[in-house]
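>>> whatever this is, show me its structure:
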Amino acid sequence: MIPASISILNTPVAINDWLLLAVTVTLILMLVIMAPYNASYKKAVRSMYRFNNPDSDVWYPLFPTIGFISVFVLSCISVAFAIVLYTSDITEPGTGPVYSLLLISSLFTGFFTAKLLLYTIVNSRLYKSQTIALKPIRWNCFIVMNFSVAGFLILAFSLVVMFLGLPLFLVLVFCGLVRILVIIGIIFKIKTSLFKNRRSNSGFILYLCAFEIAPVIIEVVILNNFVGLI
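Numbering: from 1, shown residues only. Below is the predicted model of the structure:
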């Protein structure tokens, strides 16, 4: 397979044909699925950072179940492409780059699926004990919404970096920035939507450590040991 040569703004870009096809299909599918819910996405993101007037409810697009599954998987592929772009030779002939994309996508899919299952188990018990008033499925939908926004932004920025020939370290910086912003928004909603009662501060801290701080450490270990990104 000969890498596809693309020229935008007179900047030559070489990328493996199969990898280009996979990324193009991913981007188109994300646009098709997410675009009709544009207003819902804007409302959801704004609610995450409305600090002066806290919003105690979580908002997310009302996808059908297949929609949530689709944007979740596509987001994993999007983040995986950013890692492949940063760590691999995307001009390599054959199916090597696509294999790397699938492998890293599988790692992310497995990791975040496990995290959602853990959310479900813990939140179900907290909901039954009336420690939290938010149904577990609503929180999972909120988390997937966040992940889909982050995935789309990372994919779009990675393509811009690739086509314009910008330094690849910008991809790593952008991914880190998006991750930080998502965590800030989630922490805010944990406090305002899950643990509204001021007497539950200890529960809030434990929940935060278990679901946000610990996963970040695990992500760093995985990226360092299995992907060699750090």
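>>> just give me the residue right at the centre of this protein.
By CA atoms, centre = their mean, the chain has its centre lying nearest to residue 147, at 3.2 Å.
>>> what bits of this protein have low per-residue confidence?
1-13, 53, 197-203, 210-212, 214-215, 219, 222-230 (pLDDT under 70).
>>> these two touch, right, residue 145 and residue 61?
Yes: counting by CB atoms under 8 Å, residue 61 is a contact partner of residue 145 at 6.3 Å. C-beta here means a position set from N, CA and C on the backbone, and glycine is covered the same way.
>>> of the two, who's got more company?
Neighbours were counted for residue 145 and for residue 61 using other CB atoms under 10 Å; residue 145 has more, 25 against 21.
>>> what residues are up against that one?
Contacts for residue 145 were tallied using CB atoms under 8 Å, 6 or more residues apart in numbering; they are 41, 44, 59-61.
>>> now do the strands in the chain.
Per DSSP state E, the chain carries strands over the ranges 4-8, 11-15.
>>> which of the contacts of residue 145 are buried?
41, 44, 59-61 (16 or more other CB atoms under 10 Å).
>>> out of those, who's nearest residue 165?
When those are ranked by distance to residue 165 (CB to CB), residue 41 comes first, at 30.2 Å.
>>> skipping adjacent residues, who's closest to residue 49 in space?
Of all residues beyond its chain neighbours, the one nearest residue 49 is residue 185 (6.2 Å), with distances taken as CB to CB, 6 or more residues apart in numbering.
>>> for the one you found, give me its contacts.
Residue 185 makes contact with 45, 48-49, 146 under the criterion CB under 8 Å, 6+ apart.
>>> mind checking which of the buried ones among the contacts of residue 145 land in helices?
Among the buried ones among the contacts of residue 145, the residues falling in helices (DSSP state H) are 41, 44.
>>> reformat the buried ones among the contacts of residue 145 as TSV; add distance to residue 181.
Formatted as TSV, the buried ones among the contacts of residue 145 follow (distance: CB to CB, whole Å):
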residue	distance to residue 181
41	15
44	14
59	17
60	17
61	19
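>>> closest to residue 129 out of the buried ones among the contacts of residue 145?
For the buried ones among the contacts of residue 145, the minimum distance to residue 129 (CB to CB) is 24.4 Å, reached by residue 60.
>>> where's that closest one relative to residue 124, distance?
19 Å (CB to CB, to the nearest Å).
>>> do the same with residue 51
Remark: distance between residue 51 and residue 124 (CB to CB) = 29 Å.
>>> which stretches in this structure count as helices?
17-34, 38-48, 65-87, 96-128, 136-164, 169-189, 201-208, 214-222.
>>> which of the residues in the third one are buried?
It refers to helix 65-87. Neighbour-count burial for helix 65-87 [16+ other CB under 10 Å]: 67-68, 70-87.
>>> so how far is it off the chain centroid?
Remark: helix 65-87 is offset 7 Å from the chain centroid, using CA atoms, centre = their mean, to the nearest Å.
>>> what of the fourth one?
Distance of helix 96-128 from its chain centroid, counting by CA atoms, centre = their mean, is 11 Å.
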